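> here is a sequence with its predicted model. Questions after.
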Amino acid sequence: MAILPIVIAPDKRLKRRSKAVETVDDEIRTLLSDMLETMYDDDGLGLAAIQVGVPQRVVVIDVHEKDEPKAPLKLVNPEIIWLSSERVIYEEGCLSFPNIFADVDRAAEVNVRYLDENGEAREIMAQGTLAICLQHEVDHLNGKVLVDYLSLVKRNIILRKLSKARRVQASDE
Ligand code: GNR
Ligand code: NI
């Protein structure tokens, strides 16, 4: 197991469309475990492989409550096969956008088809935070990030702020 470095915006890799996994092998299983460890280490609810620089359609999620046991989900090639017409607005964060929060309007419920870590096809019906996270992670696989839901003006303010934070950090080192 290993904690992997997270790609922080602005970074072109976050705009890439990730490639479908052809076979769920040991390499993918190791990636899934390392991604889970990285996500827990950073207190995230989800993580897409491109956030650790790997452009493959691999996602981990865990939306368990603090006082409840861990509930890790490992998803390969996830596909949203149904979206409810009911919508919800939720204030989202992203590990690739530290200290940035944005209201995003999404479907309240989704049905997602994916392969598990053994390559078996599965489906999950989700609502609440899980439904939101699934949509957020599938967006990452398609090169879409939360600031893409904001106006150009707001998006540029955030991206400039993150570039500046990176420059300040680089000059501190
Ligand atoms: O940790 C995360 N929290 C979160 C909060 C609201 C909606 C989505 C998320 S996912 C995010 C982790 C992340 O960046 N996943 O890609
Ligand atoms: Ni994210």
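Right, received. Where do you want to start? Ligands and ions are numbered 1, 2, ... in the order given.

> the helix or strand in which residue 30 is found: what's the following helix or strand?
Under DSSP states H and E, the secondary-structure element containing residue 30 is helix 26-41. Taking DSSP H and E as the definition, the helix or strand that follows helix 26-41 towards the C-terminus is strand 46-48.

> are that next one and ligand 1 in contact anywhere?
Yes - contact between strand 46-48 and ligand 1, assessed by CB under 6 Å from any ligand atom, occurs at 46-48. Heads up, the C-betas are built off the backbone N, CA and C, glycines and all.

> residues contacting residue 142?
By CB atoms under 8 Å, 6 or more residues apart in numbering, the residues touching residue 142 are 17-18.

> is whatever helix or strand residue 153 lives in positioned near ligand 1?
Per DSSP H and E: residue 153 is located in helix 152-172. No - for helix 152-172 and ligand 1, the contact criterion (CB under 6 Å from any ligand atom) is not met; the two come no nearer than 13.8 Å.

> returning to that earlier point: what's the closest of the residues of strand 46-48 next to ligand 1 to residue 126?
Here the nearest of those to residue 126, counting by CB to CB, is residue 46; it sits at 11.9 Å.

> close to ligand 1: what parts of the chain are there?
44-48, 51, 92-96, 132-133, 136-137, 140.

> 8 Å - rerun?
Remark: the part of the chain in contact with ligand 1 comprises 39, 42-48, 51, 90-97, 104, 129, 132-133, 136-137, 140, 146, using CB under 8 Å from any ligand atom.

> buried residues in stretch 44-61?
Along stretch 44-61, these residues count as buried under the neighbour rule (16 or more other CB atoms under 10 Å): 44-52, 54, 56-61.

> quick one: mean pLDDT over the longest strand seen in the chain.
Among all segments of the chain classified by DSSP state E, the strand with the greatest residue count is strand 73-83. Averaged over strand 73-83, pLDDT sits at 98.

> packing partners for that strand?
Contacting strand 73-83 under the criterion 3 or more CB pairs under 8 Å, 6 or more residues apart in numbering; DSSP states H and E are the following elements: helix 26-41, strand 58-61, strand 109-115, helix 128-141.

> list the helices and strands the following helix or strand past it packs on?
With elements assigned by DSSP H and E, the helix or strand that comes after strand 73-83 is strand 87-92. In terms of contacts (3+ CB pairs under 8 Å, 6+ apart), strand 87-92 is packed against strand 102-107, helix 128-141.

> please identify the deepest-packed of the ones you listed.
helix 128-141 (a mean of 21; mean count of other CB atoms under 10 Å).
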